[in-house]
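Participant: need a 3D model of the following:
(one chain, ligands or ions: 1)
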Amino acid sequence: MKRLDDSRLRLGGKELVPLVIGGMGVDISTAELALEAARLGGIGHISDAMIKTVSDRRFDTSYVKDKLKLYKYNVANPDKSAVQFDLGRLAEATRLHVASTMEAKRGDGLIFINCMEKLTMGAPRETLKVRLTSALDAGIDGITLAAGLHLGSFALIEDHPRFRDAKLGIIVSSLRALQLFLRKSARTHRLPDFVVIEGPLAGGHLGFGLDWAQYDLATIVAEIRTWLAAEKLDLPLIPAGGIFTGSDAVAFMEAGAAAVQVATRFTVVKECGLPPKVQQEYFKASERDIEVNTISPTGYPMRMLKNSPAIGSGIRPNCEAFGYLLDANGNCAYVAAYNREVAAHPGVRKIAVRDKTCLCTHMRNFDCWTCGHYTYRLKDTTVRHADGSYEILTAEHVFRDYQFSTDNRILLPGG
Ligand SMILES: Cc1cc2nc3c(=O)[nH]c(=O)nc-3n(C[C@H](O)[C@H](O)[C@H](O)COP(=O)(O)O)c2cc1C
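Facilitator: Next up, the predicted model:
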């Protein structure tokens with residue numbers, strides 16, 4: 001095989017270009033980006049992270065304002081346990097985002113939604129059930145279960161009429177995580193339709209500790225393949241994390257992958273939700289400007305640009321408006337860190353919180369610049385203008401470069 005295009009992913013009676021654009025939370029992987037992937041014959045993802053914010057932006061709804069109004073009385077209270085999501089409104093926002101995306105779909109590809117278990121939203125089970133159910137109701141082609149082991153997620157939707165027809169998959173970073181998922185989901189008598197294997201070079205949250213550099217995606221893929229073969233299970237495997245060129249993708253296909261999932265190269269396309277100014281930061285970054293840190297309140301390490309405004313910011317938690325990371329008891333690691341700093345610095349107006357960040361607010365504002373390991377290579381994928389800025393690409397350009405490129409070449413715009 002020379003080019004990624006020499007192969008096809010067979011899924012749901014379709015033959016797809018074996019390229020998946022991964023979910024990038026809080027509207028970095030926009031509907032527009034996912035729609036381009038589908039139009040070009042691959043798979044695109046929208047994300048349901050902070051769905052009310054996304055809906056307010058896309059449809060001029062007022063979910064966030066309304067929630068804040070409801071809980072305004074609690075803003076100065078360090079205890080956030082009163083804050084809850086209205087399940088009806090959560091369902092409504094999810095249906096709006098999904099249905100309008102699916103109505104706009106053209107071409108032969110598919111659109112999936114990325115659902116992160118770590119968005120515990122004050123009531124983990126109840127809210128996850130509503131998110132998954134409403135996405136299926138609204139006609140999503142498939143769901144990718146992410147950021148969590150999802151041991152009970154299939155069971156939450158097993159009674160849904162689309163449980164067996166929608167494409168359902170999971171992201172794992174180890175054989176053990178996959179084994180656990182399969183064991184716990186076995187009683188629903190349904191296997192996942194695909195398994196994304198995400199290695200340590202990916203963007204967003206990592207399924208590894210700070211020793212991430214000790215792990216290697218190809219090794220994990222091989223380990224999972226060998227085990228599945230021994231179990232006589234045939235599941236399409238989709239490696240992700242650090243696949244930067246079409247040739248990188250081909251190497252994984254030759255090692256038995258059914259498709260590849262990528263994201264970083266699409267952070268600098270015009271259909272991506274990142275503001276153009278932030279996209280220039282991604283282009284400019286060098287290897288030493290990127291770190292994996294533990295400031296995410298989810299407990300997972302996260303890779304980001306070191307100059308992200310989110311790092312060290314001590315803003316007041318905004319759970320009354322957002323609250324996506326509150327656990328079942330109304331706790332969030334940032335709220336605890338913030339309260340600790342406030343208590344330690346009485347009378348100080350502007351405090352800094354170094355160990356955790358208010359991920360909801362900063363992701364909402366595009367101030368947490370999470371990125372893949374190879375972000376420092378993005379500057380090599382475009383041209384530079386006389387004013388020093390880098391040219392923003394199109395999703396079609398990057399998609400086709402993955403699809404057709406050979407010999408590790410990267411097609412420059414206009415090339
Ligand atoms: C900016 C950015 C945000 C991301 N957000 C999410 C997310 O919300 N959920 C998720 O499961 N993965 C997320 N990811 C991971 C991607 O979906 C993808 O699997 C991974 O980044 C692929 O590796 P690559 O970026 O090296 O191509 C994110 C990646 C990036 C670059």
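Participant: quick one: distance of the lengthiest helix in the chain to the chain centre.
Facilitator: Across the chain, the helix with the greatest residue count (assigned by DSSP state H) is helix 87-103. Taking Cα atoms, centre = their mean, to the nearest Å, one finds helix 87-103 lying 18 Å from the centre of the chain it belongs to.
Participant: could you check the angle helix 87-103 makes with whichever helix or strand comes after it?
Facilitator: Downstream of helix 87-103, the first helix or strand assigned by DSSP states H and E is strand 110-116. Relative orientation of strand 110-116 versus helix 87-103 (axes from the mean of the first three to the mean of the last three Cα atoms, to 10 degrees): 150 degrees.
Participant: ok, strand 110-116: who's next to it in the sheet?
Facilitator: Neighbouring strands of strand 110-116 in its sheet, by DSSP bridges, are strand 43-47 (parallel), strand 142-146 (parallel).
Participant: which residues of the stretch 251-400 of the chain lie near the ligand?
Facilitator: For the stretch 251-400 of the chain, the residues in contact with the ligand (Cβ under 6 Å from any ligand atom) are 261-264, 267, 370-372, 374. Bear in mind the C-beta positions are built from the backbone N, C-alpha and C, glycine included.
Participant: output these as JSON lines; include the columns pLDDT and neighbour count.
Facilitator: Output for those, formatted as JSON lines (pLDDT from 0 to 100; neighbours: other Cβ atoms under 10 Å):
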{"residue": "Q261", "pLDDT": "99", "neighbour count": "26"}
{"residue": "V262", "pLDDT": "99", "neighbour count": "26"}
{"residue": "A263", "pLDDT": "98", "neighbour count": "26"}
{"residue": "T264", "pLDDT": "98", "neighbour count": "25"}
{"residue": "T267", "pLDDT": "98", "neighbour count": "25"}
{"residue": "T370", "pLDDT": "98", "neighbour count": "25"}
{"residue": "C371", "pLDDT": "98", "neighbour count": "26"}
{"residue": "G372", "pLDDT": "98", "neighbour count": "26"}
{"residue": "Y374", "pLDDT": "98", "neighbour count": "21"}
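Participant: mind checking which of those residues are in strands?
Facilitator: Assigned to strands by DSSP state E, the following of these qualify: 261-262.
Participant: and which of the residues of the stretch 251-400 of the chain next to the ligand is nearest to S296?
Facilitator: Nearest to S296 among these is T370, at 8.8 Å by Cβ to Cβ.
Participant: I figured that closest one was touching G203, is that so?
Facilitator: Yes. Here T370 lies in contact with G203, judged by Cβ atoms under 8 Å, at a distance of 5.4 Å.
Participant: which neighbours do the two share?
Facilitator: R303 (Cβ atoms under 8 Å, 6 or more residues apart in numbering).
Participant: now L393: how far from L412?
Facilitator: 9 Å (Cβ to Cβ, to the nearest Å).
Participant: which one's more surrounded, the two?
Facilitator: L393 (24 against 14; other Cβ atoms under 10 Å).
Participant: quick check: chain neighbours aside, which residue is closest to S134?
Facilitator: T94 (3.9 Å; Cβ to Cβ, 6 or more residues apart in numbering).
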